[in-house]
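S.K.: model the following, please.
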Amino acid sequence: MNILAHLHLATLANSSLIGNSVADFVKGDPNLVYPQTIADGIMLHRKIDSMVDGLTEVKQAKTHFIKPHQRVAPIALDIVWDHFLSKHWTDYGMGKSVSEFDQYTRQQIQPFIHLYPEHYQHFMQSMWQGKWLENYANLEFVGKVLNGMATRRPKLWLLKETIYDIKQHYKEFEALFFILYPKMCRLIIADPI
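M.R.: You can find the predicted model right below:
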């Protein structure tokens, strides 16, 4: 799952939006550095990542990438799931539009963002300014995101080519999303931490 899904699932679990969104910028035991609510959010993010990686639907989705791309498929899939969540937001958005949800997350996070790592601050500011959560619904934007990730991290250069797999198997990915995401919502609501 990527940022939109993590923020959405955190909201469903009544968990810290900061903790869930800062998790990729925190190493080690968050309980040693952050207040309990933030540490719990970080742990929920990690739990979600672990759960998603183990789902049958994710394993099946990986097979839709050509062999050389399967190494980076988990990263591409995180973006794909956000694409479908943004595209089908009315099914999951709790009565808010993606834009309203984006504003809500900003109101919750912005006043405290200076307390967290600089890379996280830059990431969140870029997300809000670029309206990523809304733009994920556009497949061309997804291609730009994958290309940008490949450019910033040369070891992941194959990411820019995964857009071809995504376009070729779009309907299959979408069908898997409709199984996978409701399952994640149910699991997180039932057992947030």
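S.K.: other residues contacting the top helix by length along the chain?
M.R.: Using DSSP state H to define each element, the chain has its longest helix at helix 170-190. Helix 170-190 is contacted by residues 1, 5, 9, 12-13, 44, 48, 51-52, 55, 57-58, 60-61, 64, 77, 80-81, 84-85, 88, 92, 139, 166 when judged by CB atoms under 8 Å, 6 or more residues apart in numbering. Glycine gets a C-beta too; all of them are placed from N, C-alpha and C.
S.K.: okay, now residue 106: neighbour count?
M.R.: 16 (other CB atoms under 10 Å).
S.K.: got the buried residues for stretch 96-111?
M.R.: 98, 101, 102, 105, 106, 108, 109 (16 or more other CB atoms under 10 Å).
S.K.: run through the residues that contact the residue sitting nearest the centre point of the chain.
M.R.: With distances taken as CA atoms, centre = their mean, the residue of the chain nearest its centroid is residue 2 (1.1 Å). Remark: with contacts taken as CB under 8 Å, 6+ apart, residue 2 is in contact with 78, 79, 81, 82, 136.
S.K.: now the strands for the chain?
M.R.: With DSSP state E as the definition, the chain shows no strands.
S.K.: wait, what's in contact with residue 160?
M.R.: Applying CB under 8 Å, 6+ apart, the residues contacting residue 160 are 143, 146, 147, 150, 151.
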